[in-house]
Structure formats: structure tokens, C-alpha cells
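1. show me the folded form of this:
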Amino acid sequence: MANKPVVDKDLIRDLAALMDETGLTEIELGDGASRLRVARGGTVMAAPAPMAAAPAMAAAATSEPAGADLSSHPGAVNSPMVGTVYVAPEPGSAAFVKVGDTVSAGQTLLIIEAMKTMNPIPATINGKVSQILIGDGTPVEFGETLIVIE
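-> Predicted structure coming up:
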């Protein structure tokens with residue numbers, strides 16, 4: 001019984017109230033070895049499945065071998081933060097870029113929402129978009145490869 005984690009129910013209630021006040025759907029806190037994550041809604045749990053499938057499909061459509069690590073590719077655009085990806089400036093509008101588009105360094109490729117702030121993610125180099133490894137509305141981690149430019 002000594003290994004059972006201590007759960008601070010008051011802290012969880014406070015975080016849930018904060019989520020209600022701010023409109024957040026997820027909060028994660030860490031202190032040393034302990035971590036607490038509070039998430040709302042069933043879509044958060046379903047999100048990893050499409051996210052895992054998207055890179056496999058994109059890799060199959062290109063000459064890259066499946067499972068290849070693209071983060072060190074010279075044209076890889078990696079996520080600078082944890083957040084949710086949006087491929088268009090607003091719902092229902094056209095995507096910023098699609099596979100085959102020619103982009104210029106500094107051109108907005110997508111947006112990552114982090115803490116209700118929309119952060120434009122620019123192209124790092126001039127070139128042609130060869131792979132888009134994420135889908136609209138998917139959560140991303142820091143350092144995750146989002147797009148590859150050739």
C-alpha cells in the first residue's frame with residue numbers, strides 16, 4: 001500500500017474549476033517525479049490513434065521508409081511547443097499549405113494553439129512541401145515533426 005500514489009482531490013477540483021473558467025480542455029502539472037493531468041471530453045483520448053496513423057500514411061506516400069525519423073531532415077519543420085495544430089487560418093477555410101505547394105522561408109505553414117494563444121509556425125527554408133505529418137485539430141508534442149520541405 002505504500003506505493004499507492006496520493007491523490008489531492010481538492011487540487012483536482014480546483015483545476016477542473018480553472019478549466020471551466022478559462023475554457024481549457026486539459027491541464028498538466030509536474031513536480032519532480034509526480035505528474036497530474038486533468039482532461040475533459042472523450043476526444044482527447046481518441047486523438048492519439050489518428051495522430052499515429054497520419055505519419056504512417058504520409059510516409060507510405062513518399063519515398064521515405066515507414067517509421068523513418070524525419071526530425072533531423074534538413075527541411076523538417078518541428079513543433080516548437082506542445083499544443084493543438086490547425087492547418088487553416090479559421091474553420092472551413094483553405095489550408096495554409098498542401099503537399100506539392102512551393103513555400104518561402106517565413107511563410108506560415110500552420111498554427112499551433114497553446115494556452116489559447118494562436119502561434120503561426122513558419123517555413124524554415126524555401127522549397128516544396130513533400131509531407132504533412134499532422135492533421136487538423138491534432139495535439140502535438142515539442143519537437144514532433146509536422147511538415148517536411150524538400
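
2. C-alpha from now on. contacts and neighbour counts both.
-> Will do.

3. quick one, strands of the chain?
-> Assigned by DSSP state E, the strands in the chain fall at 26-31, 34-39, 76-78, 83-86, 102-103, 108-114, 117-122, 127-132, 139-140, 145-149.

4. can I get those strands in a markdown table with mean neighbour count?
-> Formatted as a markdown table, those follow (neighbours: other CA atoms under 10 Å):
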| stretch | mean neighbour count |
| --- | --- |
| strand 26-31 | 11 |
| strand 34-39 | 12 |
| strand 76-78 | 22 |
| strand 83-86 | 22 |
| strand 102-103 | 17 |
| strand 108-114 | 21 |
| strand 117-122 | 16 |
| strand 127-132 | 20 |
| strand 139-140 | 21 |
| strand 145-149 | 23 |
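
5. make a markdown table out of the ones you listed and add distance to Leu15 and mean pLDDT.
-> As requested, the strands of the chain are arranged in a markdown table below (distance: least, CA to CA, whole Å; pLDDT from 0 to 100):
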| stretch | distance to Leu15 | mean pLDDT |
| --- | --- | --- |
| strand 26-31 | 7 | 72 |
| strand 34-39 | 7 | 73 |
| strand 76-78 | 30 | 91 |
| strand 83-86 | 18 | 94 |
| strand 102-103 | 41 | 94 |
| strand 108-114 | 17 | 93 |
| strand 117-122 | 19 | 92 |
| strand 127-132 | 34 | 93 |
| strand 139-140 | 20 | 93 |
| strand 145-149 | 30 | 93 |
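
6. turn those into CSV, including distance to Asp20.
-> CSV is the format used below for the strands of the chain (distance: least, CA to CA, whole Å):
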stretch, distance to Asp20
strand 26-31, 10
strand 34-39, 11
strand 76-78, 31
strand 83-86, 19
strand 102-103, 39
strand 108-114, 17
strand 117-122, 17
strand 127-132, 33
strand 139-140, 20
strand 145-149, 30
